[in-house]
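**Q** Let's see this in three dimensions:
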Amino acid sequence: RKLVFALHPQEGGATGSVETVLIPMTNRQGQNMRFTACLSTQVGCAMNCQFCYTGRMGLLGNLSTAQIVEQVVEARRYLASEGVNVPIANIVFMGMGEPLHNYDAVLSSIDILAEGLELSRNKIIVSTVGLVPQMRSFLQTGKAKLALSLHATTDEVRDWIVPTNRRYPLHELMSLLKEYFPIADGRGDRFVVIEYVMLKGVNDSEEDARRLLDLTADIYCMVNLIVFNPHDGTRFERSDDDAVRAFRGVLLKAGRVCTVRVSKGDDTMAACGQLGDVSASPRPAPLLPPPSTLQPLFAGAGQEAR
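**A** Sure, this is the predicted structure:
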């Protein structure tokens, strides 16, 4: 279920619209139905991840603390109005925007969600593409759990598909995670989530899987493989099922916890990486040329250089 919220103009505030997604979840036995609310924190996004539809918008504005919290309040009202007696039990800051790029509003909203709306901090996850200074500050607060949108195992590929990597490369990211999530101290659910979107021919080889093992060898983590959700204008394709199974198999064989995020809502542009409206942007973010090793794969796709 995708909810679209029109933003009322505020002094210096964001305008346009943002989207929130309610994802139905059950336990392994198909019981204990609840919803995960995927919240937006910005209109558009400045990170320009090449596979993400929201990133094509560029950044059009930050949401206020109230606008972030109201997504949950209104979602609860919507479910009640529809006669759906299922709670919103989990919160993921994985909608439109880079949460740690709107740091103060996001942290304030977490406090309200946890203390005012009585949601467990252990059920709140903040996702980031890797803004290292903000990650360090966030981890020091202990306000919620962290997920890193990694998506590549080499700087060459990550510099392209997650341009923030040019500022905070892999060694810097992994060093921070080793510091805060050392494998030697790993226990219970105090782990970092490593998110990894599977892109055909780009980052889905078994060699990539082995590099991912090496990168996270000293980090207490769970790897969440994400099936790519296509959208108009994308140059990428989702990995074949066999490639996803083989990639996951390498991780499982090494004893790593690895899940596959089943695509939900991709037929209504409500799935991961599909939120937003590029036509609302006066100046869409540029498409970046792939590294030379991947150029044959994208020959004829039409790229813009920054």
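
**Q** could you pull out the strands for this structure?
**A** Per DSSP state E, the chain carries strands over the ranges 2-7, 16-25, 34-38, 42-44, 59-62, 88-93, 124-128, 145-149, 192-198, 221-227, 258-261.

**Q** Which neighbouring elements make contact with the helix ranked longest in the chain?
**A** In the chain, taking DSSP state H as the definition, the longest helix is helix 65-81. Helix 65-81 sits against strand 2-7, strand 16-25, strand 34-38, strand 88-93, helix 103-111, with contacts defined as 3 or more CB pairs under 8 Å, 6 or more residues apart in numbering; DSSP states H and E. (Glycine included, C-beta is placed from N, CA and C.)

**Q** Show me the contact partners of the fourth one.
**A** Right, the one you point to is strand 88-93. 22, 25, 34-39, 41, 72, 75-76, 79, 99, 106, 113, 119-120, 123-127, 147 (CB atoms under 8 Å, 6 or more residues apart in numbering).

**Q** Direction included, what does it pair against?
**A** strand 34-38 (parallel), strand 124-128 (parallel) (DSSP bridges).

**Q** re the thing from before, so which of the strands of the chain is the most surrounded?
**A** Neighbour counts (mean count of other CB atoms under 10 Å) averaged over each of the strands of the chain peak at strand 42-44, with a mean of 27.

**Q** before we move on, the earlier item: now the strands paired with strand 88-93 as a markdown table including mean pLDDT and distance to residue 194?
**A** Converted to a markdown table, the strands paired with strand 88-93 look like this (pLDDT from 0 to 100; distance: least, CB to CB, whole Å):
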| stretch | mean pLDDT | distance to residue 194 |
| --- | --- | --- |
| strand 34-38 | 95 | 18 |
| strand 124-128 | 98 | 11 |
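
**Q** CSV please, covering those strands and showing distance to residue 243.
**A** CSV is the format used below for these (distance: least, CB to CB, whole Å):
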stretch, distance to residue 243
strand 34-38, 26
strand 124-128, 24
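
**Q** Nearest to residue 67, out of the helices and strands packed on helix 65-81?
**A** Smallest distance to residue 67 across the helices and strands packed on helix 65-81 (CB to CB): 6.7 Å, for strand 2-7.

**Q** for the record, mean pLDDT for the closest one?
**A** Across strand 2-7, pLDDT averages out at 91.

**Q** Pull that strand out as PDB, backbone CA atoms only.
**A** Taking C-alpha atoms only, strand 2-7 is exported to PDB below (Å, rounded to 0.1, in the frame of the first residue of the first chain):
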ATOM      1  CA  LYS A   2       1.500   3.300  -1.100                       C
ATOM      2  CA  LEU A   3       0.400   6.500   0.500                       C
ATOM      3  CA  VAL A   4       1.200   9.800  -1.300                       C
ATOM      4  CA  PHE A   5       1.200  13.000   0.900                       C
ATOM      5  CA  ALA A   6       1.000  16.500  -0.500                       C
ATOM      6  CA  LEU A   7       3.200  18.900   1.400                       C
END
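
**Q** List the neighbouring strands of that strand plus their orientation.
**A** strand 16-25 (antiparallel).

**Q** where's the residue nearest to residue 244 when sequence neighbours are not counted relative to residue 162, distance?
**A** Distances taken as CB to CB, 6 or more residues apart in numbering place residue 198 nearest to residue 244, at 5.6 Å, with adjacent residues excluded. Relative to residue 162, residue 198 is positioned 14 Å away (CB to CB, to the nearest Å).

**Q** who's in contact with the closest residue to residue 107 other than its chain neighbours?
**A** Excluding its sequence neighbours, the residue lying closest to residue 107 (CB to CB, 6+ apart) is residue 143, at 6.1 Å. Listed by CB under 8 Å, 6+ apart, the contact partners of residue 143 are 107, 110-111, 114, 121, 124.

**Q** Now with 10 Å, please.
**A** Residues in contact with residue 143 (CB atoms under 10 Å, 6 or more residues apart in numbering) are 106-108, 110-111, 113-114, 121, 124, 126.

**Q** Brilliant, that's me finished.
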